[in-house]
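**Student:** Have a look at this fold, sequence not included:
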């Protein structure tokens, strides 16, 4: 049984995380731990009320039968979430997205960004209306080994055991990030053409399709052409996707800077939950 950690501060965006976490826990038959962070020990009463309200919300909106435990930690939010995640074998951390996107908050770095940088398990950024996850958009760049689908199967195996789940595998062909030898025709081709010509992108898509089809999962490969963030956000807006899956990048140098910036922009601009795999 998987075990999810939901961080909540009682705010509106935290409530979305609480309800989405409850929905996902019910869908995957998982355990839940609700965590709230207080700045000083004398705020224990406030923390207990936040947790009481969160448990009641899940029991009312999702199910009273879910296994839910609660914890209070004292200190800085990001540091305490990471410490809690490292102290137990949680399979997933679920966070709400802060509504503050001004310049100061971006320079300081929101809690979610710090947790993504330091946590060793997947992070789910809750956005939009909480509901069960049936349609997944997997945004695979092919730039890291193991591939994103392999990481999803390893880190969130129960999600792909749900027979009601379907997956769209998206690869964005961008002229900016295209490697040497990539022709203009390839930058205009669709998924079927790339698979037929066995280009590197086509081979990646074909491997992912075969893997999911063998597991009995409905799968659709898709290619978009343009700027990575814009195309992913447009695909999210145009489709019926319940979850967007992207990868974290812990390698150094300019590549990490570029990919981290892309991931940050996708989180900011998407209106659906974002699952970040390590």
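**Tutor:** That came through fine. The shown structure was predicted, so the numbers you read here are calculated from the model rather than taken from an experiment. Numbering: from 1, shown residues only.
**Student:** ranges for the helices of the stretch 51-200 of the chain?
**Tutor:** When secondary structure is read from DSSP state H, counting those that start in this stretch, the stretch 51-200 of the chain shows helices at 77-87, 103-108, 111-118, 148-155, 191-197, 200-214.
**Student:** The last one - contacts with which helices or strands?
**Tutor:** Helix 200-214 makes packing contacts with helix 148-155, strand 166-173, helix 191-197, strand 218-225 when contacts are defined by 3 or more CB pairs under 8 Å, 6 or more residues apart in numbering; DSSP states H and E. All C-beta atoms are positioned from the backbone trio N, CA, C, and that covers glycine.
**Student:** Lowest-scoring secondary structure element of the chain by mean pLDDT?
**Tutor:** Lowest mean confidence among the helices and strands of the chain (mean pLDDT, DSSP states H and E): helix 103-108, at a mean of 38.
**Student:** just checking, residue 151 touches residue 247?
**Tutor:** Yes - counting by CB atoms under 8 Å, residue 151 touches residue 247, with 6.6 Å between them.
**Student:** First-to-last residue distance for stretch 25-40?
**Tutor:** Taking CA to CA, to the nearest Å, stretch 25-40 runs 30 Å from one end to the other.
**Student:** Need the mean per-residue confidence for it.
**Tutor:** The pLDDT scores in stretch 25-40 average 95.
**Student:** and that stretch, how far out from the chain's middle?
**Tutor:** Distance of stretch 25-40 from the chain centroid (CA atoms, centre = their mean, to the nearest Å) equals 16 Å.
**Student:** Ok, stretch 66-83 next?
**Tutor:** 19 Å.
**Student:** swap in stretch 215-227?
**Tutor:** Distance, centroid of stretch 215-227 to centroid of chain: 17 Å (CA atoms, centre = their mean).
**Student:** now stretch 189-200
**Tutor:** Remark: stretch 189-200 is offset 27 Å from the chain centroid, using CA atoms, centre = their mean.
**Student:** Which residues does that stretch contact?
**Tutor:** Here stretch 189-200 makes contact (CB atoms under 8 Å, 6 or more residues apart in numbering) with 142, 171, 173, 186, 201-203, 205-206, 209, 221-223.
**Student:** go on, stretch 234-252?
**Tutor:** When contacts are defined by CB under 8 Å, 6+ apart, stretch 234-252 is touched by residues 116-117, 123, 131-141, 143-144, 148, 151-152, 168, 170, 222, 224, 232, 255-256, 259-260, 263, 266, 270-278.
**Student:** 6 Å - rerun?
**Tutor:** With contacts defined as CB atoms under 6 Å, 6 or more residues apart in numbering, stretch 234-252 is touched by 116, 133-139, 148, 170, 256, 259, 263, 270, 272-278.
**Student:** try stretch 74-85
**Tutor:** Contact partners of stretch 74-85, identified using CB under 6 Å, 6+ apart, comprise 5, 7, 35, 37-38, 41, 73, 93, 111, 114-115, 118-119.
**Student:** List the buried residues for that stretch?
**Tutor:** With burial defined by 16 or more other CB atoms under 10 Å, the residues of stretch 74-85 counted as buried are 77, 78, 80, 81, 82, 84, 85.
**Student:** Find the nearest non-adjacent residue to the second one, please.
**Tutor:** Counting by CB to CB, 6 or more residues apart in numbering, residue 114 is the residue found nearest to residue 78 once chain neighbours are left out, at 3.8 Å.
**Student:** now the one you found: how far from residue 5?
**Tutor:** Going from residue 114 to residue 5 by CB to CB, to the nearest Å gives 15 Å.
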